[in-house]
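> This is a predicted model, with the sequence first.
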Amino acid sequence: MKRMYVAPSLLAADFSNLGREVDRIAQADFLHIDIMDGRFVPNLSMGPQVISALRGRSELLFDVHLMLEHPLPYVEVFRHAGADVISFHMECADDPGALIAAIKQSGAKAGIAVKPATPVERLLPYLGELYMVTVMTVEPGFGGQKLMPGPLEKVKKLKEQSPGLLVEVDGGVNRETLALCRDAGVDVLVAGTAIFRAENPSEEIAFLRGSSSF
Ligand code: DX5
Ligand code: ZN
């Protein structure tokens with residue numbers, strides 16, 4: 001069975017105890033951190049201070065998902081705070097090539113995220129430059145939504161086009177939707193509610209990863 005990487009989404013953590021929450025998911029592969037500006041998505045989340053504060057506490061790769069209408073001025077800020085991977089949304093990129101260049105210039109790995117209705121064809125010219133593509137399986141803005149299976153078709157296309165690219169799915173990933181994701185060829189599973197609201201997050205991570213016999 002293919003081993004997938006697991007990226008717990010901090011948005012579902014207990015914000016009154018973030019340090020301890022990060023300790024609970026120490027055996028994951030990435031920490032997925034959602035940054036929202038109240039414009040591109042109808043919600044606000046956290047800023048670079050949270051990332052810097054957690055950087056000293058965790059050795060996971062920080063996978064920073066920028067849901068910002070104007071991401072360019074923030075690339076360096078988030079890299080400086082401790083981001084390892086920085087992804088911006090295709091829907092708000094006037095010049096995706098310039099954003100990718102800025103992310104790489106900062107020393108981070110570059111990713112692009114796409115909303116459920118955005119055609120994957122828009123990404124094709126950039127695939128060779130990217131470390132990761134995030135296929136949203138919910139409308140971005142909130143955790144705890146139900147996975148929409150339609151966008152998983154995009155995962156198949158991306159893996160056909162670019163087998164070495166990491167393809168991540170974000171939104172509604174849990175034990176029930178895991179098989180759909182695996183069959184589509186997903187490499188990285190973002191899961192907020194499923195992991196942070198579980199009694200035993202390590203067990204959940206092992207289950208999703210596929211390395212356990214639960
Ligand atoms: C939504 C965020 C997701 C969210 C996923 O805009 O990008 O990362 O936290 O949460 P769950 O796993 O609860 O759907
Ligand atoms: Zn996200």
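That came in fine, so what should we check first? Ligands and ions are numbered 1, 2, ... in the order given.

> can we go C-alpha only for contacts and neighbour counts from here?
Fine.

> Up against ligand 1, what does this protein have?
Residues of the chain lying near ligand 1 by CA under 6 Å from any ligand atom: 9, 11, 34, 140-145, 170-173, 191-193.

> Buried only: go through those for me.
The neighbour-count test (16 or more other CA atoms under 10 Å) marks 9, 11, 34, 140-143, 170-173, 191-193 as buried among the residues of the chain next to ligand 1.

> just these now: which is nearest residue 104?
residue 34 (19.7 Å; CA to CA).

> In three-state terms, label that closest one for me.
What DSSP: H, G, I helix; E, B strand; the rest coil gives for residue 34 is strand.

> who are the neighbours in contact with it?
Residues near residue 34 by CA atoms under 8 Å, 6 or more residues apart in numbering: 9-11, 45-46, 64-67.

> Quick check: bridge partners of it?
Residues in a beta bridge with residue 34, per DSSP bridges, are residue 65.

> Would you mind stating the distance between it and residue 198?
20 Å (CA to CA, to the nearest Å).

> Please tell me the pLDDT value assigned to residue 213.
You'll see residue 213 listed with a pLDDT of 44.

> Not counting sequence-adjacent ones, nearest residue to residue 186?
residue 167 (5.6 Å; CA to CA, 6 or more residues apart in numbering).

> where in the chain is pLDDT low?
211-214 (pLDDT under 70).

> Which stretches in it count as helices?
Taking DSSP state H, the helices of the chain run over residues 18-24, 48-55, 75-81, 96-106, 152-161, 178-184, 193-196, 201-209.

> Which elements pack onto the first one?
This means helix 18-24. On a contact count with 3 or more CA pairs under 8 Å, 6 or more residues apart in numbering; DSSP states H and E, helix 18-24 meets helix 48-55.

> and the helix it packs on, how far out from the chain's middle?
17 Å (CA atoms, centre = their mean, to the nearest Å).
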